[in-house]
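K.L.:
Return atomic coordinates for the entry below.
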Amino acid sequence: MDNYRVRLATEECAALEALLGKGKVAARKLAHARILLLADDSQGAALADDEIASELTLGVRTIARVRKRFVTEGFLAALDPKPQPPRPDKIKIKGDVEQQLIRLACSDPPEGSAHWTLQLLADELVVLGLTQSVSTETVRQALKKTTSNRGSSRRGASRPMPTGSTSGAWRT
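P.N.:
Presented below is the predicted three-dimensional model:
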């Protein structure tokens, strides 16, 4: 708290109060607005980070980050949460590994299994040396992206079959 003191101007306080009075605002933006109001040092009644955390049921690090962004980057930057950066390096199954996974999933299951499970597929990717480790959720997401299906070219569990009329009545 000592490193980054929040001192709001009267216009900024009014803008935060108006924001809190609105009906539809993002929850994180509202939380940041409440943090800034409770941390405001201009009237001399600023709360400590742990008091703000307990009052708003937020983490102390969140409050410290909002304070720091207010002091270093300004009012609007502290109010709007930072967007999450894209993480393409976190994707373990892509390209050639994804093709191998699809081939594996479409092949016959190993001896003693009726079908491929996500755990069997994940273990097989590790055994083949395609990845060092992979979770079943990663395998599920990679398979979900594909539209390949061994039984049909259309999505879904079964195709709708046309039903014939047994009576010679009107057709609709």
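
K.L.:
Any idea which residue is closest to the centre of this protein?
P.N.:
By Cα atoms, centre = their mean, the chain has its centre lying nearest to Gln84, at 9.3 Å.

K.L.:
give me every residue that touches Val60.
P.N.:
By Cβ atoms under 8 Å, 6 or more residues apart in numbering, the contact list for Val60 reads 49-50, 53. C-beta coordinates here come from the backbone N, C-alpha and C atoms, glycine included.

K.L.:
any idea which of those residues has the most stuff around it?
P.N.:
Using other Cβ atoms under 10 Å as the neighbour test, those are led by Asp49, with 21 neighbours.

K.L.:
Tell me the spacing between that one and Arg67.
P.N.:
8 Å (Cβ to Cβ, to the nearest Å).

K.L.:
Let me see the domain layout of this structure.
P.N.:
Using automatic domain parsing, the domains assigned to the chain come out as 10-79, 89-145.

K.L.:
how about the helix or strand of the chain with the lowest mean pLDDT: buried residues?
P.N.:
Every helix and strand in the chain was compared by mean pLDDT, DSSP states H and E; the lowest is helix 136-145, with a mean of 87. By 16 or more other Cβ atoms under 10 Å, the buried positions in helix 136-145 come out as 138-139, 142-143.

K.L.:
If you count contacts, what does it end up packed against?
P.N.:
On a contact count with 3 or more Cβ pairs under 8 Å, 6 or more residues apart in numbering; DSSP states H and E, helix 136-145 meets helix 96-106, helix 118-127.
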